[in-house]
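In: model the structure of this input:
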Amino acid sequence: MINKSEIENIIRNDLKRVINAEIVYQYAKFDDALDKILLEQSLKFSDPTTFNDPFDCNEKLLNIDYNEKIVDETISNLTVKLSRQEKRELKRKFKGPSNQTEIMQKKREEYKLSCFSESHKEVLMWSYYADKHSGICIGFDFPHYYEDKFILCPVKYIEELKPLDGKTDFNRVILYWLTTKSIRWKYEYEIRAITKSKTKDKHELVNFDSQYVKEIIFGCNVSNQKINEALVKLRKSNLPYDKIKIKRMEINEKNFLLKEKIIKPSA
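Out: Prediction:
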């Protein structure tokens, strides 16, 4: 079981990791990156049920261990006076797996996520999320807490699922749940932006200030012509063009990795 102090420690370490990650990167298809993210300064936040990992934020994977004593204490501390029958029903709801599932399904609808990475050089990320190296990776220097917009939290990668102590603050449990994935995804080095849902739609757009754009990196399969056309649009935009470092990725002839080439340094 993961107890309350362990979860608190995990969250503290998460905060340190986000603060130390000066730049977070988002991989995207070329047109989405250029037109939506850079020129319109908007990020897409999605319901986690749309993600490509069926285990991601799956309510069936969250096992909160409400032991008898904790449930009794919780119910006795309620300010509302309950009959014996109401107390029995409430205990059943607290402890029943099907009810936990229903609660978490509803809770999940309250949040939407946007995915970033600590790395801009991962070959698989370019393949999966940037249109087979024909897209763009954008580096941002967002604050950990972007007021009224979102918070940044790193993803934790684990090998096995453990029940969570029912004494843990529920909001901490939700945060842990939204940012935990299988060890199989560790190569992504993911940082998640989490926002409260404003609609019931599967996707929402959140605008950001252009000052947070620090790097623009073109994939190794993007043509020189396409890059030059994009640079013309970027110069004419309201982005702080002179302060943004622009690169392209190239195939490293010595191994199966990528290397970067600077097209324009930042001022």
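In: just to be sure, K44 is in a helix?
Out: No - remark: K44 does not belong to a helix; assigned using DSSP: H, G, I helix; E, B strand; the rest coil, it is strand.
In: can you pull the contacts of it?
Out: 32, 36, 114, 203-205 (CB atoms under 8 Å, 6 or more residues apart in numbering). For every residue, glycine as well, the C-beta is placed using N, CA and C.
In: which two in those are spaced the farthest apart?
Out: D32 and E204 (15.0 Å; CB to CB).
In: so which of the two has more stuff around it?
Out: E204 (19 against 16; other CB atoms under 10 Å).
In: re the thing from before, nearest to N252, of the contacts of K44?
Out: So of those, ranked by how close each gets to N252 (CB to CB), first place is D32, at 26.5 Å.
In: in three-state terms, label the closest one for me.
Out: helix.
In: ok, the closest residue to E109 other than its chain neighbours to F45 distance?
Out: Counting by CB to CB, 6 or more residues apart in numbering, S197 is the residue found nearest to E109 once chain neighbours are left out, at 6.4 Å. Remark: distance between S197 and F45 (CB to CB, to the nearest Å) = 8 Å.
In: least confident secondary structure element in the chain?
Out: Lowest on mean pLDDT, DSSP states H and E among the helices and strands of the chain sits helix 68-76, with a mean of 62.
In: shouldn't M104 be within a helix?
Out: Yes - going by three-state DSSP, the assignment for M104 places it inside a helix.
In: gap between it and E110?
Out: 11 Å.
In: ok, G135 - contacts?
Out: Contacts of G135 by CB under 8 Å, 6+ apart are 27-30, 32-33, 126, 129, 219, 222.
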